[in-house]
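1. Here is the input, now give the coordinates:
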Amino acid sequence: MLDIKFVRDNPDIVKQNIKNKFQEEKLPLVDQVIDLYAQSLEAKQSAEALLANRNNISKQIGMLKGQAKKNPALAEENEAKIAQLSAQVTAEAQERESLLTRQSELDAKVREIMLVIPNIIDPSVPIGPDDSCNVEVQRFGEPKVPDFPVPYHTDIMASFAGIDLTSARRVSGTGFYYLIGDIARLHEAVLAYARDFMIDRGFTYVIPPYMIRGEMVEGVMSFPEMDAMMYKIDDPTVTDPKNNLYLIGTSEHSMIARFNGQIIPEQELPLTLTSYSPCFRKEKGSHGLEERGVYRIHQFEKQEMIVICKPEESMDWYEKLWRNSVDLFRSLDIPVRQLECCSGDLADLKVKSCDIEAWSPRQQKYFEVCSCSNLGDAQARRLGIRYSQQVETVDKKGKKKVKTVNQLAHTLNNTCVAPPRMLIALLENNLNADGSVDIPEALRPYMGGKSRLEKAKTYIPPQD
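-> Here you go, the predicted model:
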């Protein structure tokens with residue numbers, strides 16, 4: 001969310017940013033919110049003027065009472081004046097209350113609109129309407145093109161008796177799965193390895209809540225994202241929408257919300273955190289053939305990276321975060337590339353974002369496995385996440401003073417690994433012609449020393 005004062009002072013910049021994001025329908029909101037903010041300020045100033053006038057009248061009443069005590073002859077005359085002034089105080093108090101109510105209503109409308117106006121994107125972001133305009137930046141590792149056919153990922157898993165989609169569909173519906181045996185173990189190995197990988201890079205491991213309240217949801221994401229992603233827990237006993245609980249779509253949600261309303265001492269920044277959680281997503285809409293199986297599902301597990309830092313450090317951390325993903329995937333011999341997200345593909349809160357895509361030998365193309373984002377101060381402004389900074393000032397006499405200034409922090413996040421998609425990349429890139437799968441050396445300690453997965457004798461029908 002932008003600062004309303006920035007919008008008021010820079011309407012052309014805000015409008016151009018909306019155009020760059022191909023959201024022209026939001027252009028009228030800029031002038032509308034500026035007008036509402038001006039009305040709010042006017043109501044506030046009028047209320048303050050009435051309060052100041054009440055103080056003046058109180059002094060006058062006190063003076064009149066004092067005069068009457070000293071000179072009883074003035075008592076009757078002053079009593080009439082006091083009654084008149086008291087009536088004025090009562091009328092102005094009612095008027096002031098009305099103005100404050102109007103200001104509150106206007107501020108609510110301003111916030112409602114400000115939640116919809118997109119964040120200012122970084123100048124380096126390529127301009128384009130959708131993900132077809134995302135730009136490949138660089139590749140890491142040599143893509144493999146095997147001389148044998150690579151089965152669909154669920155068929156590879158089924159060859160190890162490692163997945164059961166049919167039962168999951170019967171039990172929970174489409175978009176769910178059972179992972180079994182070595183495939184389930186490989187899934188957990190990837191998560192454990194990613195956890196230790198990030199801890200070794202100085203990140204603190206966290207397991208957060210898997211549900212958050214409605215007001216926290218508003219703080220961490222835009223309404224379109226919420227509608228497309230999050231499951232709401234219906235509880236008839238909850239009367240305030242702010243207290244409704246939602247299942248998290250990623251641990252970023254509860255990780256960032258943890259610092260709601262907090263002022264973090266400057267010396268504690270940056271906060272570098274890596275979190276594990278299950279994730280729950282609606283995944284609305286129809287998806288293509290290649291998004292069957294465990295590619296796009298309603299429930300999965302993920303290891304995430306979260307950074308809260310000072311504004312001047314956020315772009316450096318953005319670079320470090322996506323490079324962590326590259327290094328992790330390359331440590332497992334999986335070729336990847338970095339794809340810069342264009343303006344139209346950025347969620348409204350994001351300043352800059354890129355995807356890390358893994359190579360699929362079966363499709364002979366890359367597919368998304370990680371998403372790294374710098375959200376600037378958007379989440380911090382919504383949630384009131386600030387840091388305290390000691391600033392040295394010099395007064396008119398040249399005397400130096402140190403005062404504490406609270407400023408909005410910047411927040412960033414990046415996928416470390418989401419095992420369903422990581423498993424696809426891992427299985428395809430390590431598949432042998434005989435159907436066995438080599439386990440990368442880095443994962444072997446988490447697999448009990450196993451170096452290879454062999455086909456199971458138990459048969460599970462092909463999975464769709």
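
2. since we're on residue 442, how many residues are nearby?
-> 15 (other CB atoms under 10 Å). All C-beta spots, glycine's among them, are computed from the backbone N, C-alpha and C.

3. helix/strand/coil for the residue nearest to residue 120 when sequence neighbours are not counted?
-> With CB to CB, 6 or more residues apart in numbering as the criterion, residue 120 has its nearest non-adjacent residue at 5.2 Å, and that residue is residue 17. The three-state label for residue 17, taken from DSSP: H, G, I helix; E, B strand; the rest coil, comes out as helix.

4. wait, residue 17 sits on residue 125?
-> No: Residue 17 lies out of contact with residue 125 (CB atoms under 8 Å); the separation is 10.2 Å.

5. Tell me who's in contact with the nearest residue to residue 243 once chain neighbours are set aside.
-> Closest residue to residue 243 apart from its sequence neighbours, by CB to CB, 6+ apart: residue 213 at 5.7 Å. By CB atoms under 8 Å, 6 or more residues apart in numbering, the contact list for residue 213 reads 242, 243, 244, 245, 246.

6. Show me the residues you listed that map onto strands.
-> The strands, defined by DSSP state E, take in 245, 246 from the contacts of residue 213.

7. And the buried ones among the contacts of residue 213, selectable in PyMOL?
-> In PyMOL syntax, the buried subset of the contacts of residue 213 is picked out as below (16 or more other CB atoms under 10 Å):
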select buried, resi 244+245+246
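
8. right, and residue 335 touches residue 358 too?
-> Yes: at 7.2 Å, residue 335 counts as touching residue 358 under the criterion of CB under 8 Å.

9. out of these two, which sits in the busier spot?
-> Higher neighbour count among residue 335 and residue 358: residue 358, with 25 against 20, using other CB under 10 Å.

10. Which residue or residues pair with the closest residue to residue 247 other than its chain neighbours through a beta bridge?
-> The shortest distance from residue 247 to any non-neighbouring residue, by CB to CB, 6+ apart, is to residue 280 (3.9 Å). Residues in a beta bridge with residue 280, per DSSP bridges, are residue 299.

11. show me what contacts residue 280?
-> 210, 230, 231, 247, 248, 249, 298, 299.

12. And for residue 382?
-> Contacts of residue 382 (CB under 8 Å, 6+ apart): 1, 115, 218, 219, 220.

13. Okay, and it sits in which element?
-> Taking DSSP states H and E as the criterion, residue 382 maps to helix 378-383.

14. So which bits of that helix are buried?
-> In helix 378-383, counting by 16+ other CB under 10 Å, buried: 378, 379, 380, 381, 382, 383.

15. so how far is it from its chain's centroid?
-> Mean-position distance between helix 378-383 and its chain equals 9 Å (CA atoms, centre = their mean, to the nearest Å).

16. Then stretch 46-56?
-> Using CA atoms, centre = their mean, the offset of stretch 46-56 from its chain centre is 42 Å.

17. hang on, the earlier thing: pull up the per-residue confidence for the residue nearest to residue 243.
-> On the pLDDT scale, residue 213 is placed at 91.

18. what do you get for the one 4 residues further on?
-> Note on residue 217: pLDDT of 91.

19. On the three-state scheme, it is what?
-> Residue 217 falls in the helix class when you classify it by three-state DSSP.

20. End to end on stretch 3-17, go ahead and measure it.
-> Distance between the boundary residues of stretch 3-17 (CA to CA, to the nearest Å) amounts to 15 Å.

21. Only C-alpha atoms, please: export the strand or helix carrying residue 228 in CSV.
-> Using DSSP H and E, residue 228 falls within helix 223-229. Listed next in CSV are the C-alpha coordinates belonging to helix 223-229 (Å, rounded to 0.1, in the frame of the first residue of the first chain):
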residue,chain,number,x,y,z
PHE,A,223,-7.9,-8.9,-2.5
PRO,A,224,-7.7,-10.7,-5.9
GLU,A,225,-4.9,-12.9,-4.5
MET,A,226,-6.9,-13.7,-1.4
ASP,A,227,-10.0,-14.6,-3.4
ALA,A,228,-8.0,-16.8,-5.8
MET,A,229,-6.0,-18.5,-3.1
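
22. ok, and what's touching that helix?
-> So helix 223-229 is contacted by 115-116, 217-218, 221, 246, 249, 281-285, 347-348 (CB under 8 Å, 6+ apart).

23. Please check those and keep the buried ones.
-> Using 16+ other CB under 10 Å, the buried ones in those are 115, 217, 218, 221, 246, 249, 281, 282, 347, 348.

24. Taking these together, which two end up most distant?
-> 115 and 281 (21.4 Å; CB to CB).

25. rewinding a little: would you reformat the buried residues of helix 378-383 as CSV and include distance to residue 198 and pLDDT?
-> Listed next are the buried residues of helix 378-383 as CSV, based on distance: CB to CB, whole Å; pLDDT from 0 to 100:
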residue, distance to residue 198, pLDDT
378, 24, 95
379, 21, 95
380, 22, 96
381, 27, 95
382, 26, 94
383, 24, 95
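
26. so which two of those are the farthest from each other?
-> Farthest apart among the buried residues of helix 378-383 - using CB to CB - are 378 and 383, which lie 9.7 Å from each other.

27. Let me see the confidence value for residue 223.
-> pLDDT, residue 223: 69.

28. whoops, I mixed them up, residue 170
-> Confidence score, pLDDT, at residue 170: 91.

29. What of residue 147?
-> Reported pLDDT for residue 147: 93.

30. Now the phi/psi pair for it, please.
-> phi -100, psi 20 (degrees, to the nearest 10).

31. Can you tell me how far it is from residue 110?
-> 63 Å (CB to CB, to the nearest Å).

32. Sounds good, over and out.
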